[in-house]
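In: sequence unavailable; structure follows:
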């Protein structure tokens, strides 16, 4: 029997239009900074570009630009006119989709098929969706005459760089706020192309500003007295820090933080689709997903069957070059994140859980971690409680629906949950009891601009997406 | 039919209750999830050597088919020539797996293919509707086997299946299997009439349990015929059947597959769902006619680097 | 008039009042503070009205336990049922109008006429919120037209246990305006009542205790706001906090403490309680859950 190996099918790197250096975007212009930092391709550790690092003075300038744009123009512009700018941005993202997809995969390490089929199309869809709201806010159920908050400081993570930028900017702009976006230190590039898109759209200077930098930049932005709103997506620890910083100020805040979602499989589930849902739940985007289904809860009667099906399925996953169109698992975004995954999985070993990975050669350079499944996991293990944010699944079992509910909810987080069963009434019974903002039943990791997304408890508050996403940027 | 139904209630070759429990005990199929999985597999990008391998392998998996009322011995002989040497310009292109005809033309095909590795397959059991008495359907099989068919493509009684008379379908398959003798049996589920993927999975399992060597999607006379989601579910069925019994059985997709690109996508599905073992004509077939020329055209493109045109390939 | 103390005993023929003891309302019961402490409550002219229980952080802890215990029953009751229970509370408030008028007049130093008006508005406010229980989901929830074969809908759910720092000034209308939205949304409440004007709150507790409201859904603590509020804000089993009754000087500290478990903080303020409240408070203590399911055969 001949084996059939897929030939390499790499997307051309040239499409990314990568430049050697990128400035920050303030008041409609790209400018250099006093300092720069390097953005690295996590798949091979090569430096992609030098990027200007925004310092406190740059934050000041951006806040002034955003305030001026807000006072003089954007907040006074009729909604129907704001809408047209946002529609333009949506179209430009579609037109430059391939460029953005390749750049995203280079900078983030995610497989090109995901950046191409998920990140970029969804980013454009978000702008389309919110563009249409700009002149319909009176109908959004936010009370009479919803008003913008003012200048929004938005800090986003590295796992979906352009998509998270879109989740932040689109509703803020639609409601008449001006924005200062701080992309993650390891993934600033697509946000800067988005800034260029804003320029191509003739968005007035200062309405959107993009300040690359690390934690210090984000902190300077969040603490700046000139902003009215903080929107943050990232870790729960940083989210709490932000809450402490803005305590006592009039700033509004919404947070989308970590998660440790349970993906619950009942014995009457459609097993093949459930296995796909498990894979999609934890191995999509290398598990760098706050709503990842990182805790698999299997009904004991089918646990062995599902685990063996899952293992067989994982053997078909292709790990490697993110730009290869057949890659399923890309690179871990940074050395730091890889170290965290290693630390937590080592803790899993030490606690006595059983580790399994498919045979899978890791590239010599870059940051890589094989898809990993832990069985014999207890609720008390760190790998069952802490967010790993990597391609690591912890498998637990349950016997009854009530036990599944108790185990699923036994966490300070509450972002998402998955339920797999062919019994409709059980789906609704379970869904009502999940302490989670998004419940996927017989599916997992689905996203849509019309669908509110956000957490319970320590997974944050406020919703992004849908009509509810407008509330985060309106005084009401 | 009343007589038939009375017979159903009596103990038959298979325990009706047991069979029903088995089929309804199979895991359900979520249609949306199955479609999503099939669509995801279709995004695999198959290039260069991998593509050439797939195109050639797809040629070897074809059941080159003509099932028209207007078929004649001349038409069948032309098809048999094409089957043995698909591309006169390139002798390295392998022959197809089989030629598939109506029972009355089996003899013509057997004669034309004597000495070649190409098998003769015949549809039977009152193809395509299956709406004839059991005796007539079995006689149809007997004729084809007697004429030398090495493979029999039967149709199940979809009506019986849809009203839950699973044992009737089961018993008929076992009877046909017995009538086949050494001939291989492909059981056509006509998935376009089964409506749901749950039914496709149950019908697949039923046919495999009853002794089908292959489960086959369609007659080609009903739309939709082979679809990616149906293929996915049937490949999962043979995979699971092998897990359960250790026996590897085949899948044949038929109807509507015309483009080489589709064929390559199906091979990806075979590889990633059933496994590498199934990438052989013994376990996977494509029932088609016009597909062959598109495969040849794409092969030529891969070898010459130039896009070809239909005038450079024989019609049959 | 139970809350009025006379400086001199009345004539021998006059009946001596049976005075009321003001205790805490926790888990449906009326305990004294576990600390045994009490503090004097005066009217606006400085006359002693009563000794109120001075709750401790342990009383607060007990109240949170009671509130947590009550969450499942109250939040899983049908919205219709919650509406009925809350409306029944309004009926019973109506029956105690005279007592509330007297307490409000004593607490807030307003005329009897003004006090009567405030009590009417309080009862009407409660009725208004009682009617929201089975409507709010239709206002803030809905179906989401996602671009795919999925049925996707969003429903509001209660946040859980809500800590409430009741207004310090408006002893009844303000109190009801902060409690009613919390419980109408299906939450349970731990309320730190107005420090200097606590008496209407405890009478409200007596109303709640004799209504159909399950014990623990509303828990009322009297005492020093500044002493208890940090414990409430920092409590890891409290999901949200309403800062309305917090002094300006303590708000920053309370928000910081609330960050430890990412509490939802409602930065409420003393305001014109007679104005249309809107659904801001009701929405502040709701989470939105979105459920996806494929649509297929």
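Out: Here it is on my side, so go on. A quick note: this is a predicted structure, and the numbers were derived from the prediction, not measured. Numbering: from 1, shown residues only, chains lettered A, B, ... in the order given.
In: what's the burial count for the closest residue to residue B:197 other than its chain neighbours?
Out: Using C-beta to C-beta, 6 or more residues apart in numbering or on different chains and skipping residues adjacent in sequence, the residue nearest residue B:197 is residue B:29, 3.9 Å away. Where you see a C-beta, it was placed from the backbone N, CA and C, and this is true even at glycine. Using other C-beta atoms under 10 Å in any protein chain shown, residue B:29 has 24 other residues around it.
In: make sure residue B:29 is indeed in a helix.
Out: No. Assessed by DSSP: H, G, I helix; E, B strand; the rest coil, residue B:29 does not belong to a helix; its assignment is coil.
In: of all of the stretch 1-150 of chain C, which residue lies closest to chain B?
Out: For the stretch 1-150 of chain C, the residue closest to chain B is residue C:149, as judged by C-beta to the nearest C-beta, at 4.9 Å.
In: what separates the spatially most central residue of chain C from residue C:285, distance-wise?
Out: Residue closest to the average C-alpha location in chain C (C-alpha atoms, centre = their mean): residue C:179, at 3.0 Å. Remark: distance between residue C:179 and residue C:285 (C-beta to C-beta, to the nearest Å) = 11 Å.
In: chain A contacts on chain B?
Out: With C-beta under 8 Å from any C-beta of the partner chain as the criterion, chain B meets chain A at residues B:27-30, B:32-34, B:36-37, B:43-51, B:53-54, B:57, B:236, B:267, B:271-272, B:276-277, B:279-280.
In: residue boundaries of the helices in the stretch 101-250 of chain B?
Out: Using DSSP state H, counting those that start in this stretch, the helices found in the stretch 101-250 of chain B span residues B:106-113, B:134-146, B:158-162, B:166-180, B:197-209, B:228-245.
In: just these: most buried one?
Out: Mean neighbour count (mean count of other C-beta atoms under 10 Å in any protein chain shown) peaks for helix B:197-209 among the helices of the stretch 101-250 of chain B, with a mean of 25.
In: which strands and helices sit next to it?
Out: Other elements packing on helix B:197-209 under the criterion 3 or more C-beta pairs under 8 Å, 6 or more residues apart in numbering or on different chains; DSSP states H and E are helix B:16-24, helix B:158-162, helix B:166-180, strand B:214-216, helix B:228-245.
In: want to throw these into a markdown table with mean pLDDT?
Out: As requested, the helices and strands packed on helix B:197-209 are arranged in a markdown table below (pLDDT from 0 to 100):
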| stretch | mean pLDDT |
| --- | --- |
| helix B:16-24 | 95 |
| helix B:158-162 | 96 |
| helix B:166-180 | 97 |
| strand B:214-216 | 98 |
| helix B:228-245 | 98 |
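In: re the thing from before, out of the helices of the stretch 101-250 of chain B, the one nearest residue C:198 is which?
Out: Of all the helices of the stretch 101-250 of chain B, the one in closest proximity to residue C:198, counting by C-beta to C-beta, is helix B:197-209 (63.9 Å).
In: how far off centre is the closest one?
Out: Chain-centre distance of helix B:197-209: 14 Å, with C-alpha atoms, centre = their mean, to the nearest Å.
In: do stretch B:281-295 as well
Out: For stretch B:281-295, the separation from the chain centroid amounts to 10 Å (computed by C-alpha atoms, centre = their mean).
In: quick one: residue C:122 is in a strand?
Out: No. Counting by three-state DSSP, residue C:122 is not found in a strand; it is helix.
In: any idea how far the nearest residue to residue B:237 once chain neighbours are set aside lies from chain C?
Out: The spatial neighbour of residue B:237 that comes closest, neighbours along the chain excluded (C-beta to C-beta, 6+ apart), is residue B:204 at 3.7 Å. Per C-beta to the nearest C-beta, to the nearest Å, residue B:204 is found 17 Å from chain C.
In: ok, now which ones touch residue B:204?
Out: Contact analysis of residue B:204 by C-beta atoms under 8 Å, 6 or more residues apart in numbering or on different chains lists B:189, B:215, B:233, B:234, B:237, B:238.
In: pretty sure the fourth one sits against residue B:218.
Out: Going back to what we said before, that points to residue B:234. No. Applying C-beta atoms under 8 Å as the test, residue B:234 and residue B:218 come out as separate, 10.9 Å apart.
In: any residues in contact with both of these two?
Out: By C-beta under 8 Å, 6+ apart, the residues touching both residue B:234 and residue B:218 are B:189, B:191.
In: OK, contacts around the residue of the stretch 251-400 of chain A found nearest chain B?
Out: Residue nearest to chain B within the stretch 251-400 of chain A: residue A:273 (3.1 Å; C-beta to the nearest C-beta). For residue A:273, the residues meeting the contact criterion (C-beta under 8 Å, 6+ apart) are A:420, A:442, B:29, B:30, B:33, B:34, B:37.
In: pretty sure it sits in a helix.
Out: Yes. Counting by three-state DSSP, residue A:273 is found in a helix.
In: pLDDT at it, what is it?
Out: Turning to residue A:273, the model gives it a pLDDT of 98.
In: can you give me the distance of the closest residue in space to residue A:475 that isn't next to it in sequence to residue A:11?
Out: Leaving aside its sequence neighbours, residue A:475 sits nearest to residue A:147 (C-beta to C-beta, 6+ apart; 4.6 Å). For residue A:147, the distance to residue A:11 equals 44 Å [C-beta to C-beta].
In: show me which of those two is the more surrounded one.
Out: Using other C-beta under 10 Å as the criterion, residue A:147 and residue A:11 rank with residue A:11 on top: 23 against 16.
In: what residues does the stretch 51-200 of chain A have near chain C?
Out: Applying C-beta under 8 Å from any C-beta, we find that the stretch 51-200 of chain A lies next to chain C at A:125, A:141, A:143.
In: what is the neighbour count of residue C:143?
Out: Here the count is done by other C-beta under 10 Å, and residue C:143 has 11 residues near it.
In: distance of the residue of the stretch 101-250 of chain A found nearest chain B from residue A:323?
Out: Residue nearest to chain B within the stretch 101-250 of chain A: residue A:113 (5.9 Å; C-beta to the nearest C-beta). Between residue A:113 and residue A:323 the computed distance is 10 Å (C-beta to C-beta).
In: with residue B:93 instead?
Out: 33 Å.
In: now swap in residue A:251 and tell me
Out: For residue A:251, the distance to residue A:323 - C-beta to C-beta - is 41 Å.
In: between the two, who's got more neighbours?
Out: Shown here are residue A:251 and residue A:323; by other C-beta under 10 Å, residue A:323 has more neighbours (24 against 21).
In: for the more buried one, grab phi and psi.
Out: phi -80, psi -10 (degrees, to the nearest 10).
In: and for residue A:231?
Out: phi -120, psi 130.
In: so it is in contact with residue A:253, correct?
Out: Yes. Judged on C-beta under 8 Å, residue A:231 makes contact with residue A:253 at a distance of 7.4 Å.
In: hey, what's in contact with both of the two?
Out: Shared contacts of residue A:231 and residue A:253 (C-beta under 8 Å, 6+ apart): residue A:462.
In: neighbour-wise, which of the two wins?
Out: A count of neighbours by other C-beta under 10 Å puts residue A:231 above the other of residue A:231 and residue A:253, at 28 against 22.
In: who's in contact with the more buried one?
Out: Residue A:231 sits next to A:152, A:153, A:154, A:155, A:168, A:172, A:253, A:254, A:255, A:462, A:472 when contact means C-beta under 8 Å, 6+ apart.
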